[in-house]
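Student: pasted the sequence and its predicted model underneath.
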Amino acid sequence: MPFELRHMQPGDAEWLVEQHRQLYMRDEGFDESFAPLVADILADFEQSHDPECERAFIACSDDQRLGSVFCVRLDEKTAKLRLFLLVPEARGQGAGRMMLDAWMRFARQAGYDRAQLWTHESHKAACALYQAMGWRITRSEPVHSFGVSLVEQTWEIDL
């Protein structure tokens with residue numbers, strides 16, 4: 001399946017909120033408090049992102065949305081990876097690696113020296129990809145969020 005990355009378009013935010021709600025509820029047991037967090041992240045991005053150093057990547061194949069990854073500024077030298085999502089039917093075909101490669105290239109070109117992301121230990125495939133691409137865990141702690149017990153992780157990489 002050939003993949004391409006594009007910028008945000010009308011309807012993408014709503015699709016992303018719903019995909020996050022459905023997939024995290026089904027796969028992780030998250031409650032309804034998760035979707036509003038995703039909606040807030042997207043609204044903030046749409047209202048105030050700086051296109052010189054922040055970008056949304058939407059993965060598509062034949063005009064069908066498959067996932068996303070966002071680059072936002074944490075501080076002047078640090079990019080933050082957000083909303084990395086790939087629908088199940090697109091997993092295992094190289095789309096995640098392509099998305100993360102594009103994200104890292106953009107972050108470097110935007111002038112960031114390092115990057116950070118927040119995830120959960122239960123996201124085994126994503127964590128394996130981060131590790132394979134040189135990211136390292138800098139924090140790991142048990143929490144109770146979105147109605148479930150999780151192990152939150154912060155990962156970082158020097159760009």
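Tutor: Received, thanks. Model, not experiment: these values are computed from the prediction. Residues are numbered from 1 along each chain as shown.

Student: got the contact list for stretch 101-111?
Tutor: With contacts defined as CB atoms under 8 Å, 6 or more residues apart in numbering, stretch 101-111 is touched by 5, 52-55, 57, 69, 71, 79, 81, 115, 133, 157, 159. For glycine as for every other residue, the C-beta is placed from the backbone atoms N, C-alpha and C.

Student: would you mark the buried spots in it?
Tutor: By neighbour count with 16 or more other CB atoms under 10 Å, stretch 101-111 contains the buried residues 102, 103, 104, 106, 107, 110.

Student: mind listing which of those are in helices?
Tutor: 102, 103, 104, 106, 107 (DSSP state H).

Student: which strands or helices does the lengthiest helix in the chain pack on?
Tutor: Identified as the longest helix of the chain according to DSSP H is helix 12-28. Judged by 3 or more CB pairs under 8 Å, 6 or more residues apart in numbering; DSSP states H and E, the packing partners of helix 12-28 are helix 34-48, strand 64-75, strand 78-86.

Student: and the shortest one with helix 34-48, angle?
Tutor: Computed by axes from the mean of the first three to the mean of the last three CA atoms, to 10 degrees, the angle separating strand 78-86 from helix 34-48 equals 130 degrees.

Student: what pairs with strand 78-86, parallel or antiparallel?
Tutor: Paired strands of strand 78-86, with direction, are strand 64-75 (antiparallel), strand 114-120 (parallel) (DSSP bridges).
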